[in-house]
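Colleague: Curious how this folds, go ahead:
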Amino acid sequence: MGKLFGTDGIRGIVGEDLTHELAMKVGEAAAYVLGGKKDLVVLVGRDTRISGQMLASALSAGFMSQGAKVIDLGVVPTPAVSYLVKKYGASMGAMISASHNPSEYNGIKLFNNEGFKLPDATENEIEKYLLGKAVPTTTKVGTYEVSETAIEDYVNHLVDTASDIRCDLKVVVDCANGSASATAPMLFEKLGIDVTLINFEYNGYNINEKCGSTHLDVLAKQVKKLKADIGIAYDGDADRCLMIDEDGNEVDGDQIMAISTYDLKKNKKLTNNTLVGTVMSNLGLVKFCKANDIDFVATKVGDRYVLEKMLECNYIVGGEQSGHIIYKDFANTGDGELTSIQILNILSKEGKTLSELSKVMKKYPQVLLNVKVREEAKGQYENDSQVTKVIKEVEKSLNGDGRVLIRASGTEALIRVMIEGLDQEDINKKAKKIADVIEKKFGI
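Modeller: Alright, predicted model coming up:
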């Protein structure tokens, strides 16, 4: 990971960390590094943030300054860019989004010609040109056009992954006032499902605002009020999906993976008998795998690292607790709408409720605290004697019935303190004990 690229592209507050000048430089440098002497075709998508058009225009100008043909996809989910890059035979893709962050943030995610997020080595090469190295000049001038078919082409791909979904299912979908607002109406109409859409009228500022996968309360209330079978929540760029069962309870990414993996195992479709999670996956998911004779592999946090492991070892399902789920047979990145279809497939086939399906995995109580710190602290806390001492004390007190995980955020100036154990109140106290020491030493 470099100075600008985090675990999911470049991200920051627009006008401060992320400017139109930087966006143009990213386009110019990425086109040079990935294009070389080839004629580039670049797809550019964005979510619903007010800054999206400005940054997309600047990024596109950078691409065109290196002779690239830019195809503007408009407002689409991140996984739509990944899918359409390959379908359209483009050289690369770019998504303007800050995912689950508030509207004042934005970001740039880059994809190669196969629809995969760029590896660290390629991002580091691009970053050299962003931090001082000059991009060679060229006399080529690129072109720009707007795609009229992007949304329908992507939605048709999603529909193709559906298998006999029950039309009598009652579904509530929270679009987070983000990218899914552009695709979910067409998707669920084509699926023929009785759907109630909420938070799909975006204004540039209300993306993720008390809605979507980071704020499930509104969705849970709607599910119970309408007596729906399932609630589905996407994040701002619709690459995540969390759910609410018929009783109003959250079903997170780990539980979704357990449901999917159990179904694949039962139907002898779990290639290499493995589920890929991360170091943040709930201990209950690990125990679920062990109980069902499924191998579990943990990677660093970030769906790009999950996918790298899946590609390396030919695994077909993996993801994160946050709702980034990758079904490699259908996609090259996490896809919230695809995830919801896969669960609707299982619900329809099994004839069970979501709460019944979720019982395949028992969640361990878990607490996650975010400590705001100085940026330099993200590389210092691991070697601090006071921090390491309190972590060891807490680990010892868990007596083998839980775990402690401390990690720096890849996208924000935060240290994340996560503890799992048998008792919620106990681990809350232990997490606060560690967080207090980190905040005292490194907080802002």
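
Colleague: can you map out the helices along the stretch 51-200 of the chain?
Modeller: Along the stretch 51-200 of the chain, counting by DSSP state H, counting those that start in this stretch, helices occupy 52-64, 78-87, 120-130, 150-159, 180-191.

Colleague: Tell me which of those helices sits most buried.
Modeller: Ranked by mean neighbour count, those are led by helix 78-87 with a mean of 26 (mean count of other C-beta atoms under 10 Å). To be clear about C-beta, it is placed using only N, CA and C from the backbone, and glycine gets the same treatment.

Colleague: contacts for that helix?
Modeller: Here helix 78-87 makes contact (C-beta atoms under 8 Å, 6 or more residues apart in numbering) with 43-45, 47, 73, 76, 90, 92-95, 97, 99, 109, 111-117, 150-151, 153-154, 157, 179, 183, 237-239, 331-338.

Colleague: Please indicate which of these are buried?
Modeller: For the contacts of helix 78-87, a burial check counting by 16 or more other C-beta atoms under 10 Å picks out 43-45, 47, 73, 76, 90, 92-95, 97, 99, 109, 111-113, 115-117, 150-151, 154, 157, 179, 183, 237-239, 331-338.

Colleague: Domains in this structure, by residue range?
Modeller: Annotated domains of the chain cover 5-150, 160-247, 251-338+347-358, 366-442 [automatic domain parsing].

Colleague: The helix or strand hosting R304 - contacts with which helices or strands?
Modeller: Using DSSP states H and E, R304 falls within helix 303-313. For helix 303-313, the elements it packs on are strand 274-278, strand 295-299, strand 317-319, strand 325-327, judged by 3 or more C-beta pairs under 8 Å, 6 or more residues apart in numbering; DSSP states H and E.

Colleague: Please identify the pairing partners of the second one and their relative orientation?
Modeller: Strand 295-299 sits in its sheet next to strand 274-278 (parallel), going by DSSP bridges.

Colleague: Relative to the whole chain's centre, how far out is the strand it pairs with?
Modeller: 15 Å (C-alpha atoms, centre = their mean, to the nearest Å).

Colleague: hmm, who's touching that strand?
Modeller: 254, 257, 261, 285-286, 289, 294-302, 305-306, 309-310, 313, 315, 317-321.

Colleague: Could you tell me which of those count as buried?
Modeller: 254, 257, 261, 285-286, 289, 294, 296-302, 305-306, 309-310, 315, 317-321.

Colleague: Next up, phi/psi of the residue of the chain most remote from its centre, please.
Modeller: Here the centre of the chain is the reference, and by C-alpha atoms, centre = their mean the most remote residue is T139, at 37.9 Å. In terms of degrees, to the nearest 10, the main-chain angles of T139 are phi -90, psi 0.

Colleague: ok, now how distant is it from G67?
Modeller: For T139, the distance to G67 (C-beta to C-beta, to the nearest Å) stands at 8 Å.

Colleague: quick one: low-confidence ranges for the chain?
Modeller: By pLDDT under 70, the weakly predicted segments of the chain are 1-2, 36-37.

Colleague: Give me the longest helix you can find in it.
Modeller: Ranked by number of residues, the top helix in the chain under DSSP state H is helix 424-442.

Colleague: Same question for it: list its buried residues.
Modeller: Per 16+ other C-beta under 10 Å, helix 424-442 contains these buried residues: D426, I427, K430, A431, K433, I434, A435, V437, I438, E439, K441, F442.

Colleague: Could you list the alpha-carbon positions for it in CSV?
Modeller: The C-alpha coordinates for helix 424-442 follow below in CSV (Å, rounded to 0.1, in the frame of the first residue of the first chain):
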residue,chain,number,x,y,z
GLN,A,424,-20.8,-9.1,25.2
GLU,A,425,-20.5,-6.9,28.3
ASP,A,426,-17.1,-8.4,29.1
ILE,A,427,-15.6,-7.8,25.7
ASN,A,428,-17.0,-4.3,25.5
LYS,A,429,-15.0,-3.4,28.7
LYS,A,430,-11.9,-5.1,27.3
ALA,A,431,-12.1,-3.3,23.9
LYS,A,432,-12.6,0.0,25.6
LYS,A,433,-9.5,-0.7,27.8
ILE,A,434,-7.3,-1.1,24.7
ALA,A,435,-8.9,1.7,22.8
ASP,A,436,-8.3,4.1,25.7
VAL,A,437,-4.6,3.3,25.8
ILE,A,438,-4.3,3.9,22.0
GLU,A,439,-6.3,7.1,22.1
LYS,A,440,-4.2,8.4,25.0
LYS,A,441,-0.9,7.7,23.1
PHE,A,442,-2.0,8.5,19.5
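
Colleague: Return the distance of stretch 124-131 from the chain's centre.
Modeller: 24 Å.

Colleague: swap in stretch 30-48?
Modeller: 22 Å.

Colleague: From one end of it to the other, what's the distance?
Modeller: Using C-alpha to C-alpha, to the nearest Å, the end-to-end distance of stretch 30-48 comes to 23 Å.

Colleague: now swap in stretch 12-24 and tell me
Modeller: Per C-alpha to C-alpha, stretch 12-24 runs 15 Å from first to last residue.

Colleague: which parts of it are buried?
Modeller: Quick answer for stretch 12-24 (16+ other C-beta under 10 Å): G12, V14, L18, T19, H20, L22, A23, M24.

Colleague: With secondary structure added, can I get these in a markdown table?
Modeller: Below are the buried residues of stretch 12-24 laid out as a markdown table (DSSP: H, G, I helix; E, B strand; the rest coil):
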| residue | secondary structure |
| --- | --- |
| G12 | strand |
| V14 | strand |
| L18 | strand |
| T19 | coil |
| H20 | helix |
| L22 | helix |
| A23 | helix |
| M24 | helix |
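
Colleague: of those, closest to Q380?
Modeller: G12 (21.2 Å; C-beta to C-beta).

Colleague: residue contacts, the closest one?
Modeller: Applying C-beta under 8 Å, 6+ apart, the residues near G12 are L18, Y105, N106, G107.

Colleague: one more time with 7 Å, if that's ok
Modeller: Counting by C-beta atoms under 7 Å, 6 or more residues apart in numbering, G12 makes contact with L18, Y105.

Colleague: Please shift the residue numbers so they start at 31 in all later answers.
Modeller: That works, and once the first residue is 31, the last one we named lands at G42.
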